[in-house]
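Visitor: Generate coordinates for the sequence data below:
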Amino acid sequence: MATDEELLQAELQSIFMEGAPGIVEEFEQKLLELETTSDPKETLASIFRAAHSLKGSAASVGFTGLAAFAHKAEDCLSILRNHPGLLSKDVVSSLLQALDIMKAWIDGLKEKGSAFGEPEGVGAIVILLQDTTSRLADAVSGEKKESPGNPATPTGLNTPPAAAKGTKIKSSNTIKVDSERVDLVMDLVGELVVIKSQLLQDSAIKDLGSARVEGVLSLLDKTVRELYDKALSMRMTSLKSLFLKVERAVRDTSVKVGKDVVMETDGEDTELDRAIIEHLGDPLMHLARNAVDHGIEDAEARFEGNKPAIGQLRLAAGNRGSNVIIEISDDGRGLDPAKIAKKAVEKGLVDKTAITNLRPEEINKFLFLPGFSTAEKVTDVSGRGVGLDVVKTAVENLKGKIEIDSTPGRGTVFRLVLPLTTAILDGVIVTIGGHRYILPMDVISEFVNLCPGMLTGVDTGEVLNLRESFIPSIRMARQLGFKAGPEQLAIIVNSGGNRVAFIVDDVVQQSQVVLKNLNTGPEETHGVSGAAILGDGRVALVLDPAAITQDF
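Guide: Predicted coordinates:
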């Protein structure tokens, strides 16, 4: 049985684990700022305080190994904060490698507690830090010898951290709640949404017909929607940490491939469901690395193209309706549709005749096919034919979509359109061949009652003649393998930058539904993104317009 002292120590270690990620995040953010700021002195002071805080906190709860390692980084930073002129890209790289060890150490302690030893490779980074610190100390000694009349400048090695004294701790009105509790609340709110729908559709309640009953039901509907919004906000997290990871990936890649790249960020306070952010890191970092390695030219090529020697990369986010838009853009060479088309023909993906009828934006979509690459050489970063197809799959698994805008010689923009959450969906219930399905509301632009002559057969199928514009059409009953129903309504869907008309029987109603995943393989669920329980207790499948329209 654990003693009171052991229980207290475990509690203190738990508190440390809650605060440590914020410290290392600030550490990394400030390190990346060092290479762009014109006055690094204050930034170095902030980094030093972060290292000292991590060292002290780790030591106080018994994580002596981590504390000793953080002290090595603190020694190096102690010199730099007093001699910012000694800062170099190599020094920043050494500190970033040390930071990676701290991250791995914290992750290990979080998983195994005090039983965790040390991360792999810690010895090599300790030697790197010691060598870096020694070089900096020698440089300081050299400055003293050259200027004997100057007052002594302390090296900071094992010096008490004066800068950390008297630091004020800001009070906060926030509380930390285990994520599982938040998820449980969200699940319960989802069940309440289903119950609300059942009540609103219950014929016995409707038959009462009194104004009071209608008022109560209306108030219930409003309250549940507000409760859902508040519960969802507890799961929302800003993109700041994710943007920092991408910024670090850009910095490391630019050093690796020998290119000077400056990254600009905008909208890092935009919020997304935590469950989406957790799966968004790898796709975004791949796009960023690919932009640096493959998109942005080297200095010589940029000079020949009358561009600044330093490449520009921009990561921005913002809200648009019920979606969050994330764009990663560069001012590099852009995509070459002719080169992509040639590769597509060589791979047998399209014949020479058909390729001439495709627009540049349609040709660019070949890049999302598995194994498709136009890179002339294979590198550690890109060009292996594995990447953009994985990015597309990851984004679509999050119920989002990815678009490309590119101008040859000017640059490329990858645009990710993501839902705020994948938990609850605003949709439209439709009937197709006598069966009920749900279409996401955010992809629908228009409902059109079909009249004789509006659908016309063409070589590729059927088109809808709407206001002298011809829109590709899909008879959804035939698509889903059902006997055709009345088919009296066309729903105009915007997907992948194209408009497609879904021909259905009728619309039942608009409804807010709880989205449930289907535990089946991708082949069995092609064209379906999940399922939901309707107000009458029946289950309806949620259609995936992006998958259905990918061939149109």
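
Visitor: ranges for the strands of the stretch 401-550 of the chain?
Guide: Counting by DSSP state E, counting those that start in this stretch, the stretch 401-550 of the chain has strands at residues 401-407, 411-419, 424-432, 435-440, 444-449, 455-458, 461-466, 469-475, 489-495, 498-504, 506-514, 528-533, 539-543.

Visitor: So for R235, which of the ones you listed sits nearest?
Guide: R235 sits nearest to strand 424-432 of all the strands of the stretch 401-550 of the chain, at 10.9 Å, using CB to CB. Bear in mind the C-beta positions are built from the backbone N, C-alpha and C, glycine included.

Visitor: want to throw the strands of the stretch 401-550 of the chain into a markdown table with distance to V91?
Guide: Converted to a markdown table, the strands of the stretch 401-550 of the chain look like this (distance: least, CB to CB, whole Å):
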| stretch | distance to V91 |
| --- | --- |
| strand 401-407 | 37 |
| strand 411-419 | 32 |
| strand 424-432 | 49 |
| strand 435-440 | 50 |
| strand 444-449 | 54 |
| strand 455-458 | 65 |
| strand 461-466 | 63 |
| strand 469-475 | 58 |
| strand 489-495 | 49 |
| strand 498-504 | 51 |
| strand 506-514 | 52 |
| strand 528-533 | 49 |
| strand 539-543 | 53 |
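
Visitor: For beta bridges, what are the partners of E264?
Guide: Beta bridges link E264 to R314 when assigned by DSSP bridges.

Visitor: Tell me how many other residues crowd it.
Guide: 12 (other CB atoms under 10 Å).

Visitor: just the one 5 residues further on next, same as before
Guide: Residues within reach of D269, counting by other CB under 10 Å, total 10.

Visitor: so it touches S238, yeah?
Guide: Yes - because the distance of 5.2 Å satisfies CB atoms under 8 Å, D269 is recorded as touching S238.

Visitor: returning to what we had before: for the strands of the stretch 401-550 of the chain, which one sits closest to T37?
Guide: Per CB to CB, nearest to T37 of the strands of the stretch 401-550 of the chain: strand 411-419, 25.7 Å.

Visitor: Please put the alpha-carbon coordinates of the closest one into PDB.
Guide: Output in PDB follows, covering the C-alpha atoms of strand 411-419 (Å, rounded to 0.1, in the frame of the first residue of the first chain):
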ATOM      1  CA  GLY A 411       3.500  28.900 -56.700                       C
ATOM      2  CA  THR A 412       1.000  26.400 -55.300                       C
ATOM      3  CA  VAL A 413      -1.800  26.500 -52.800                       C
ATOM      4  CA  PHE A 414      -3.100  23.300 -51.000                       C
ATOM      5  CA  ARG A 415      -6.500  24.100 -49.400                       C
ATOM      6  CA  LEU A 416      -8.000  21.800 -46.800                       C
ATOM      7  CA  VAL A 417     -11.700  22.200 -46.100                       C
ATOM      8  CA  LEU A 418     -12.500  20.500 -42.700                       C
ATOM      9  CA  PRO A 419     -15.700  20.300 -40.600                       C
END
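
Visitor: Can you tell me which helices and strands the helix or strand hosting E25 packs against?
Guide: Following DSSP states H and E, one finds E25 within helix 4-33. Judged by 3 or more CB pairs under 8 Å, 6 or more residues apart in numbering; DSSP states H and E, the packing partners of helix 4-33 are helix 41-60, helix 89-112, helix 240-257.

Visitor: Low-confidence bits of the stretch 251-400 of the chain, can you list those?
Guide: Residue ranges of the stretch 251-400 of the chain with pLDDT under 70: 374-386.

Visitor: Likewise for the chain?
Guide: Judged by pLDDT under 70, the stretches of the chain that qualify are 1-2, 143-152, 154-176, 203-209, 374-386, 496-497, 519-525, 550-552.

Visitor: And it, what are its domain boundaries?
Guide: The record's domain parsing of the chain by automatic domain parsing lists 4-163, 179-236, 239-419, 424-548.

Visitor: that older thread, next, format the helices and strands packed on helix 4-33 as CSV and append mean neighbour count and distance to A477.
Guide: Below are the helices and strands packed on helix 4-33 laid out as CSV (neighbours: other CB atoms under 10 Å; distance: least, CB to CB, whole Å):
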stretch, mean neighbour count, distance to A477
helix 41-60, 21, 61
helix 89-112, 18, 51
helix 240-257, 20, 42
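
Visitor: May I see these arranged in a markdown table, with distance to L313 as well?
Guide: Converted to a markdown table, the helices and strands packed on helix 4-33 look like this (distance: least, CB to CB, whole Å):
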| stretch | distance to L313 |
| --- | --- |
| helix 41-60 | 21 |
| helix 89-112 | 17 |
| helix 240-257 | 6 |
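
Visitor: Minimum distance to R81: which of those helices has it?
Guide: Nearest to R81, of the helices and strands packed on helix 4-33 and by CB to CB, is helix 41-60 at 4.3 Å.

Visitor: Output that closest one as PDB, nothing but the C-alphas.
Guide: Below are the C-alpha coordinates for helix 41-60, written out as PDB (Å, rounded to 0.1, in the frame of the first residue of the first chain):
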ATOM      1  CA  LYS A  41      18.000  39.100 -26.500                       C
ATOM      2  CA  GLU A  42      14.500  39.000 -25.000                       C
ATOM      3  CA  THR A  43      13.700  35.800 -26.900                       C
ATOM      4  CA  LEU A  44      16.800  34.100 -25.400                       C
ATOM      5  CA  ALA A  45      15.800  35.300 -22.000                       C
ATOM      6  CA  SER A  46      12.300  33.600 -22.500                       C
ATOM      7  CA  ILE A  47      13.900  30.400 -23.700                       C
ATOM      8  CA  PHE A  48      16.300  30.400 -20.700                       C
ATOM      9  CA  ARG A  49      13.400  30.800 -18.300                       C
ATOM     10  CA  ALA A  50      11.600  27.900 -20.000                       C
ATOM     11  CA  ALA A  51      14.600  25.600 -19.600                       C
ATOM     12  CA  HIS A  52      15.100  26.700 -16.000                       C
ATOM     13  CA  SER A  53      11.400  26.100 -15.200                       C
ATOM     14  CA  LEU A  54      11.500  22.700 -16.700                       C
ATOM     15  CA  LYS A  55      14.600  21.800 -14.800                       C
ATOM     16  CA  GLY A  56      13.300  23.000 -11.500                       C
ATOM     17  CA  SER A  57       9.900  21.400 -11.900                       C
ATOM     18  CA  ALA A  58      11.300  18.100 -13.000                       C
ATOM     19  CA  ALA A  59      13.800  18.000 -10.100                       C
ATOM     20  CA  SER A  60      11.100  18.900  -7.500                       C
END
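
Visitor: That helix: what's the following helix or strand?
Guide: helix 64-82.

Visitor: you'd agree D336 is up against G409?
Guide: No - counting by CB under 8 Å, D336 does not reach G409; the two are 9.2 Å apart.

Visitor: which of those two has more neighbours?
Guide: Using other CB under 10 Å as the criterion, D336 and G409 rank with D336 on top: 17 against 14.

Visitor: nearest residue to that one other than its sequence neighbours?
Guide: For D336, ignoring the flanking residues on the chain, the nearest one in space by CB to CB, 6 or more residues apart in numbering is P408 at 5.7 Å.
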